[in-house]
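> pasting the sequence and the predicted coordinates here, then a few questions.
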Amino acid sequence: MNVSQKLSALSRRDVLKLSTQYGLSSTLLGASAFTGAISAGSMASAVESTYERRLRKPARHTLRFGASGFNAQNLLIERAGAIQFALDLEERTDGEIRIEFIGSNQICGQLSCVELAQLGIIDIYAASTQNSAAGAAYLNVLDYAYMFPSRASQYHFFFSPESNRLLREPLEKRHGLKFLFTHCELRGIQLGQSFADKPTVTTLEELFGTRNRVTGTRLGRIAMRLLNLNPVPVAWGETLEGLRLGLIDGAETWASAVAYAGMSPVVSQSVDLKFFCGTEHTSMSTQSFDALSGELQDAVMESSYLTQVHVQSANEAALKNTVGFSDPVLPGTLFDVNDVRPAFLPEEQIRMAEEMCSPEFNPDPWNEWRDRLNGWAGGVDTYQEIYDVARQIPQDTLAENVEPRRWWRG
């Protein structure tokens, strides 16, 4: 039984009481270690024991982790790794670092977490790179259209030492953020109720002219305009209602985001357009990282590595077994229960989209942002170099088979 199932066996009042009294981290750790018959009293004893162990000595550093809308339940749908990282880092440092985990949009949301980290209000945050790009513009470097051909190519890049030069170091220098780890999917168009009674999409042309919600990424908007997908800025909180009422036709995001955010009931088709990154990442304020001793900095990196390995396998499994992003859709998954139809376009349709919008075939619309990102990266051709790294592995490599590497060791 996993942590979420253990907590779900108790009443919301019991869980709230435990979390209020002992904190979310102690509650999660206590539930993780608990093996006996579940009752409010026995779980409280386990959580209290964990709390006392964690606080048996003063922590040298208490780090505030703003995890946008994530919590123990939805992190079992989209396996972004935030809780695994927090728990491993506390254990790895024997309590020298203590994590104050603040999820469920209690301190920051998808658009605001990056700003709070830069202001020093929180030390660590989790949110999509696309939403975070509104406050840390270099994150747009991940969003060139069709730069990554697969989820495997994404994981390969983030494990690669080349990601230091092409992503992590410019991000740290320009925005004061240390990129730790990320989940990897590729964005498509999540169609709402206006497509519920239409046949499953098989051609790109069926999407032309639709109105689709866009995130904070500037490069993603370029791709959408070139594909005639009419990007419309809509607040995340209003997206569900817009899809349900047909005020917008779709939203650009990825499959597990539909599932974890409770969008499945209003999404009719999940079109696997694969046109740019969907990366739910965790970053740390460089100032907070630099305040740690060398030994604790090493611990942060090792916990990041372990979490990246965990996410690589866990999210691939969850996509099929929990979300239902497969053909056929597995029974009992969220897509099955909510009648969401995955639409996997034929390769010739994906190629058509690539030729319409990628910098390789249609470079001019990208030049302004490409020059800007290249300058921030010290003059390298960011698109071409990331493109090349992404293709260092065979095209048919499965994401779970990508070799993990400690990227910071070169």
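Thanks, I have it. Numbering: from 1, shown residues only.
> longest helix anywhere in the protein?
helix 294-318 (DSSP state H).
> list the helices and strands it packs on?
helix 82-92, strand 97-102, helix 151-159, strand 177-182, strand 280-285 (3 or more C-beta pairs under 8 Å, 6 or more residues apart in numbering; DSSP states H and E). No exception for glycine: its C-beta is placed from N, CA and C like everyone else's.
> C-alpha coordinates for the second one, PDB please?
What follows is strand 97-102 as a C-alpha-only set of coordinates in PDB (Å, rounded to 0.1, in the frame of the first residue of the first chain):
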ATOM      1  CA  ILE A  97      18.500  19.800   5.900                       C
ATOM      2  CA  ARG A  98      14.800  19.900   6.700                       C
ATOM      3  CA  ILE A  99      12.200  20.500   4.000                       C
ATOM      4  CA  GLU A 100       9.000  22.400   4.600                       C
ATOM      5  CA  PHE A 101       6.900  21.100   1.800                       C
ATOM      6  CA  ILE A 102       4.100  23.500   0.800                       C
END
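> save the helices and strands packed on helix 294-318 as CSV, and put in mean neighbour count and distance to residue 316 too.
Output for the helices and strands packed on helix 294-318, formatted as CSV (neighbours: other C-beta atoms under 10 Å; distance: least, C-beta to C-beta, whole Å):
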stretch, mean neighbour count, distance to residue 316
helix 82-92, 22, 15
strand 97-102, 22, 24
helix 151-159, 24, 7
strand 177-182, 25, 14
strand 280-285, 26, 14
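> so which of those is nearest residue 296?
Distance to residue 296, taken as C-beta to C-beta, is lowest for strand 97-102 among these, at 6.1 Å.
> between the closest one and helix 294-318, how many degrees?
40 degrees (axes from the mean of the first three to the mean of the last three C-alpha atoms, to 10 degrees).
> next SSE downstream of strand 97-102?
Proceeding N to C from strand 97-102, the next assigned helix or strand is helix 113-119, under DSSP states H and E.
> report the rounded mean pLDDT for the helix or strand following that next one.
Once the chain leaves helix 113-119, the next helix or strand it forms, by DSSP H and E, is strand 124-128. When pLDDT is averaged along strand 124-128, the result is 97.
> mind listing what the residue lying closest to residue 302 once chain neighbours are set aside touches?
Distance criterion C-beta to C-beta, 6 or more residues apart in numbering; nearest residue to residue 302, sequence neighbours excluded, is residue 92 at 6.5 Å. By C-beta atoms under 8 Å, 6 or more residues apart in numbering, residue 92 lies in contact with 299, 302-303.
> now stretch 332-341: mean pLDDT?
98.
> and that stretch, how far apart are its ends?
End-to-end distance for stretch 332-341: 14 Å, by C-alpha to C-alpha, to the nearest Å.
> beta partners of the most centrally placed residue in the chain?
Geometric centre of the chain, nearest residue: residue 280, 1.4 Å, by C-alpha atoms, centre = their mean. In this entry, residue 280 is beta-bridged to residue 128, by DSSP bridges.
> isn't it up against residue 128?
Yes: counting by C-beta atoms under 8 Å, residue 280 sits close enough to residue 128 to count as a contact (5.2 Å).
> any common contacting residues for those two?
Joint contacts of residue 280 and residue 128 (C-beta under 8 Å, 6+ apart) are residue 257.
> got the domain ranges for this protein?
1-56, 186-277+324-368 (automatic domain parsing).
> and residue 98, which of those domains is closest to it?
So among those, domain 1-56 is nearest, using C-beta to C-beta, at 6.7 Å.
> what is the rounded mean pLDDT of the closest one?
Mean predicted confidence for domain 1-56 is 66.
> quick one, what contacts residue 190?
243, 250-253, 258, 263, 267, 269-271.
> hmm, back to that, reformat the helices and strands packed on helix 294-318 as JSON lines; add distance to residue 121.
Output for the helices and strands packed on helix 294-318, formatted as JSON lines (distance: least, C-beta to C-beta, whole Å):
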{"stretch": "helix 82-92", "distance to residue 121": "18"}
{"stretch": "strand 97-102", "distance to residue 121": "11"}
{"stretch": "helix 151-159", "distance to residue 121": "27"}
{"stretch": "strand 177-182", "distance to residue 121": "14"}
{"stretch": "strand 280-285", "distance to residue 121": "10"}
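> between the ones you listed, which gets nearest to residue 331?
Here helix 151-159 is closest among these (C-beta to C-beta), at 23.6 Å.
> isn't residue 43 right next to residue 18, touching?
Yes: using C-beta under 8 Å, residue 43 is in contact with residue 18, at 7.0 Å.
> for residue 168, give its distance to residue 390.
Distance, residue 168 to residue 390, by C-beta to C-beta, to the nearest Å: 16 Å.
> before we move on, back to that, is it possible to export the domains of the chain to TSV including distance to residue 172?
Shown next, in TSV, are the domains of the chain (distance: least, C-beta to C-beta, whole Å):
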stretch	distance to residue 172
domain 1-56	26
domain 186-277+324-368	19
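> tell me the most buried of these?
domain 186-277+324-368 (a mean of 19; mean count of other C-beta atoms under 10 Å).
> gap between that domain and the chain center?
Averaging C-alpha positions (C-alpha atoms, centre = their mean, to the nearest Å) puts domain 186-277+324-368 17 Å from its chain's average.
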